[in-house]
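J.: whatever this is, show me its structure:
(chains A and B)
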Amino acid sequence: MRMSKLFSQTLREAPADAEIPSHKLLVRAGYIHQLAAGIFTAMPLAHRSLTKIEDIMREEINAIGGQEMSMPVIHPAEIWKRTGRWSKVGPEMGRFKDRNGRDMALAMTHEEAVVDIIKDEIQSYRQLPVLIYHIQTKWRDDPRPRAGLIRVREFTMKDSYSLDRDWDGLDRQYQDHYQAYFNIFNRCKLPVIAVESDVGMMGGNMAHEFMYLTPVGEDTLLLCEECGYKANRQIAEFQKQKPPQEKERTLEKVETPDAKTIQDLTELLEIPDRKTSKVVFMMATHLREEEEVNQLVFAIVRGDMELNETKLANAIKAKSLRPAEAEDIQAVGAVPGYASPIGLDDVLVVVDDLIPESPNMVAGANEEEYHYLNVNYGRDYEADLVADIAAAQDGDLCPHCGSPLKEVRGIEVGNIFKLGTWYSEAVGATFQDNDGQEKPVVMGSYGIGSGRLLASIVEEYNDEYGLILPISVAPYQVHLVSLGKSSGGGEVQAAAEELYQSLNAQGVEVLFDDRDESPGVKFNDADLIGVPIRLTVGARSLEKGSIEMKLRDEKERELIPEGEVLERVQKTIQKLSKEIEDRIVPVHLEE
RNA sequence: CGGGGUGUAGCGCAGAGGGCAGCGCGCCGCGUUUGGGACGCGGAGGUCGACGGUUCAAGUCCGUCCACCCCGACCA
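T.: Residues are numbered from 1 along each chain as shown, chains lettered A, B, ... in the order given. Sure, this is the predicted structure:
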């Protein structure tokens, strides 16, 4: 490709609305162009990189038996109504009506489309197991797209779906994906870890997320360096240390002016925050026979802990949770800042499982300026539900080995779910097993977003000058810079042109800077675009019968005799490719 | 949805107090220059986010709306 013809331009300055390196650099280097919030065009450079990433995904999924296909982006509402997700999923689903007034949906994932197919196509256990996948556009109307390609609304995802006759089969396909996913990320040179995760709107009973660890990530993870426990904060467990036993003391009401927060309270009463209980009001939405029902939830955790909303939502099986408004709270007779579970009706009280173990706590009195001392669970109040609803934090103890957990941030670049039979049962996607029984197909679903993966790679590999792409995902293998100009003697240009032709003839992917630009501009653009191998043809090196070669991630330049250039380029490509292939190692999924 | 911010040329920005819409980069033409974002001369490019109001006169003042960005909520 000649840069004089390349449909994109580099920018000297990044757009003001880009904040993180991958966003700034992808825009500056001319890879992407924004159309609207969370909606981007992949310009030719990005398209080539994305195609390479997608080809890697194809190869790895094909290798575990995947069959590529293509499912529609537009779905009739009908299939989403059958699984209940038409009403279960909120405004993040794109909906519209066709000309006849029928409800339609923009696909945000394809479980519904898959079960609709298998309902018709799969009748016998002889047709199983199957692994199907496609690489397709998804639309998720995220409330807050951000960070360039990291968090978008329209995106391309490789999503595969495993179909099995039983859970053992699902286990095998799940493990195959676990390995294939590590292979994919390794081939993209992106370091990731797999963590246990919440199943979220996908349903199912086991899930892992593949996380690229970076401070710009938006997920919080807890890791144990001792035993290897890794989990998304949404579900992370930890060992709660029981406070020492104490004799129950008498309930006592005390005046606590202006003590609306845990901190005020601990200072006023001179007690540690673990002696207090914190009430968090949430408004939960439940789905009862297609109707949304709101309910105020009173969640109580110890004052030194935070509520984990995902755990709470899972514990009470709520569709969604949001912080309650002041009116909601007052409506049930509670007093924000002085709230208490004592003497309240009409609310769902959920307490963290450490609360019943904690004697003589301080809690609100449901009266301005008053708290109770020596509140004891069981004696003074009872909850509707006792569950683990506290969020793990940095330094909490590992649920497995008791070592301190470390809190880190990450970007979710892939996920795998054991869906089980939830979807197939919902639509009657069954097959006849060899025992003659009709059974629901056992499913798994597995996704990787290609744009987010590219952005993560850029986030990991860049410097102040631009991208430094691994050869497996770079849009080109070689960036050939000609320092000659059309107006000059033409010797340099002719040599560069000849080299360009020879490299092309050998199948090397070359980006050829044939523009009438000054050397500085060309070198800067080359650094910005981030192709791994740079060849420079200039009068200086040509005099010595040589071409200069430089790798993007190294400082040294090397002069290569003209006659050896083709061979050296091929060897270098092989070397760089092998370094990446060597990253592929077997991994183990512990269950 | 709550809080904060920004909308002026492709990109980055300036335009107190109303009075001819500007600068740098980029773009076009001519010439010089050529190993790390060169220089001269000449040019093109704008519903100043939109709508409404105040005024002789609005980029600037007032109102409403929209878009985009950041934090939170939410989310694979």
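
J.: surely residue A:194 is in contact with residue A:207?
T.: No. The pair residue A:194 and residue A:207 fails to qualify as a contact (CB atoms under 8 Å) at a distance of 10.2 Å. All C-beta atoms are positioned from the backbone trio N, CA, C, and that covers glycine.

J.: looking at these two, which has the bigger crowd around it?
T.: When neighbours are counted by other CB atoms under 10 Å, residue A:194 and residue A:207 differ, and residue A:207 comes out ahead with 23 against 20.

J.: check which helix or strand that one maps to.
T.: With elements taken from DSSP states H and E, the one containing residue A:207 is strand A:206-213.

J.: touching RNA strand B at all, that strand?
T.: Yes. Using CB under 7 Å from any atom of the strand as the criterion, contacts between strand A:206-213 and RNA strand B involve residue A:209.

J.: partners of that strand, with directions?
T.: Applying DSSP bridges to the sheet, strand A:206-213 is found paired with strand A:193-196 (antiparallel), strand A:406-420 (antiparallel).

J.: buried residues, the first one. List them.
T.: Spelled out, it's strand A:193-196. Of the residues in strand A:193-196, those buried under the neighbour-count criterion (16 or more other CB atoms under 10 Å) are A:193, A:194, A:195, A:196.

J.: so who does residue A:116 touch?
T.: A:79, A:427 (CB atoms under 8 Å, 6 or more residues apart in numbering).

J.: and residue A:96, which of the three is it?
T.: The local conformation at residue A:96, judged by DSSP: H, G, I helix; E, B strand; the rest coil, is strand.

J.: ok, now how distant is it from residue A:140?
T.: The spacing between residue A:96 and residue A:140, counted by CB to CB, to the nearest Å, is 15 Å.

J.: just residue A:71 next, same as before
T.: With distances taken as CB to CB, residue A:71 is found 16 Å from residue A:140.

J.: quick one: name the residues of the stretch 301-450 of chain A near RNA strand B.
T.: Remark: the part of the stretch 301-450 of chain A in contact with RNA strand B comprises A:309, A:310, A:313, A:320, A:321, A:322, A:323, A:412, A:415, A:447, A:449, using CB under 7 Å from any atom of the strand.

J.: show me how to select, in ChimeraX, the buried members of those.
T.: For selection in ChimeraX, the members of those meeting the burial criterion (16+ other CB under 10 Å) are listed in this command:
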select /A:309,310,313,320,321,412,415,447,449
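
J.: export the residues of the stretch 301-450 of chain A next to RNA strand B to CSV and tack on distance to residue A:212?
T.: Written out in CSV, the entries for these read as follows (distance: CB to CB, whole Å):
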residue, distance to residue A:212
A:309, 24
A:310, 21
A:313, 26
A:320, 28
A:321, 28
A:322, 29
A:323, 30
A:412, 8
A:415, 13
A:447, 15
A:449, 12
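
J.: ranges for the helices of the stretch 301-450 of chain A?
T.: Taking DSSP state H, counting those that start in this stretch as the criterion, the stretch 301-450 of chain A contains helices spanning A:309-316, A:326-331, A:422-427, A:450-460.

J.: can you list the ones you listed in a markdown table and add mean pLDDT?
T.: Compiled in a markdown table, these are given as follows (pLDDT from 0 to 100):
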| stretch | mean pLDDT |
| --- | --- |
| helix A:309-316 | 78 |
| helix A:326-331 | 68 |
| helix A:422-427 | 89 |
| helix A:450-460 | 95 |
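
J.: highest mean neighbour count out of those?
T.: Relative to the other members of the helices of the stretch 301-450 of chain A, helix A:450-460 carries the highest mean neighbour count by mean count of other CB atoms under 10 Å, namely a mean of 26.

J.: alpha carbons of that one, as CSV, please.
T.: Output in CSV follows, covering the C-alpha atoms of helix A:450-460 (Å, rounded to 0.1, in the frame of the first residue of the first chain):
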residue,chain,number,x,y,z
SER,A,450,-12.3,-7.4,18.5
GLY,A,451,-12.2,-3.6,18.8
ARG,A,452,-11.7,-3.7,22.5
LEU,A,453,-9.0,-6.3,22.0
LEU,A,454,-7.2,-4.0,19.6
ALA,A,455,-7.5,-1.0,22.0
SER,A,456,-6.1,-3.1,24.8
ILE,A,457,-3.1,-4.2,22.7
VAL,A,458,-2.5,-0.5,21.9
GLU,A,459,-2.9,0.4,25.5
GLU,A,460,-0.2,-2.2,26.4
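
J.: you'd agree residue A:169 is up against residue A:130?
T.: No. Contact criterion CB under 8 Å: residue A:169 and residue A:130 do not qualify, at 9.9 Å.

J.: any shared contact partners between these two?
T.: Common contacts of residue A:169 and residue A:130 (CB under 8 Å, 6+ apart): residue A:162.

J.: give the buried residues for stretch A:183-200.
T.: With burial defined by 16+ other CB under 10 Å, the residues of stretch A:183-200 counted as buried are A:183-190, A:192-199.

J.: so which of these are also by RNA strand B?
T.: When CB under 7 Å from any atom of the strand is applied, the members of the buried residues of stretch A:183-200 adjacent to RNA strand B are A:197, A:198.

J.: find the pair from the buried residues of stretch A:183-200 with maximum spatial separation.
T.: Maximum pairwise distance among the buried residues of stretch A:183-200 (CB to CB): 29.5 Å, between A:189 and A:199.

J.: contacting residues for residue A:414?
T.: With contacts defined as CB under 8 Å, 6+ apart, the neighbours of residue A:414 are A:181, A:184, A:185, A:192, A:209, A:210, A:446, A:447, A:448, A:449, A:453.

J.: near RNA strand B, which residues of the stretch 451-591 of chain A show up?
T.: Proximity of the stretch 451-591 of chain A to RNA strand B is confined to A:452, A:465, A:483, A:485, A:487-488, A:516, A:518-521, A:523-528, A:536-542, A:548, A:550, A:557 under the rule CB under 7 Å from any atom of the strand.

J.: just the buried subset of those, please.
T.: A:452, A:483, A:523-528, A:536-538, A:541-542, A:548, A:550.

J.: tell me how chain A divides into domains.
T.: A:21-236+A:407-459, A:252-390, A:476-581 (automatic domain parsing).

J.: please work out which of those is packed deepest.
T.: domain A:21-236+A:407-459 (a mean of 19).

J.: helix or strand with the lowest mean pLDDT in chain A?
T.: The helix or strand of chain A with the poorest confidence is helix A:326-331; it has a mean of 68 (mean pLDDT, DSSP states H and E).

J.: okay, residue A:374: pLDDT?
T.: The model reports residue A:374 with a pLDDT of 78.

J.: that one contacts residue A:360, correct?
T.: Yes. Residue A:374 sits in contact with residue A:360 when judged by CB under 8 Å, with a separation of 4.4 Å.

J.: what residues do these two have in common as contacts?
T.: Between them, residue A:374 and residue A:360 share these contacting residues under CB under 8 Å, 6+ apart: A:248, A:249.

J.: low-confidence bits of the stretch 401-550 of chain A, can you list those?
T.: A:486-489 (pLDDT under 70).

J.: mind listing the strands for it?
T.: Per DSSP state E, counting those that start in this stretch, the stretch 401-550 of chain A has strands spanning A:406-420, A:430-432, A:438-440, A:442-449, A:462-463, A:466-467, A:478-482, A:510-513, A:533-537, A:546-551. These are given in chain order.

J.: just the C-alphas of the longest one, formatted as PDB.
T.: Going back to what we said before, that points to strand A:406-420. Output in PDB follows, covering the C-alpha atoms of strand A:406-420 (Å, rounded to 0.1, in the frame of the first residue of the first chain):
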ATOM      1  CA  LYS A 406      -4.900  -7.400  46.100                       C
ATOM      2  CA  GLU A 407      -7.200  -5.100  44.300                       C
ATOM      3  CA  VAL A 408      -6.400  -4.300  40.700                       C
ATOM      4  CA  ARG A 409      -8.200  -2.800  37.700                       C
ATOM      5  CA  GLY A 410      -8.700  -4.600  34.400                       C
ATOM      6  CA  ILE A 411     -10.400  -4.500  31.000                       C
ATOM      7  CA  GLU A 412     -12.600  -7.400  30.200                       C
ATOM      8  CA  VAL A 413     -11.500  -8.600  26.700                       C
ATOM      9  CA  GLY A 414     -13.300 -11.900  26.700                       C
ATOM     10  CA  ASN A 415     -15.700 -14.100  28.600                       C
ATOM     11  CA  ILE A 416     -16.900 -17.600  28.700                       C
ATOM     12  CA  PHE A 417     -20.200 -18.800  30.200                       C
ATOM     13  CA  LYS A 418     -21.700 -22.100  31.000                       C
ATOM     14  CA  LEU A 419     -25.200 -21.400  30.100                       C
ATOM     15  CA  GLY A 420     -26.600 -24.900  30.700                       C
END
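
J.: since that was my last question, I'll sign off now.
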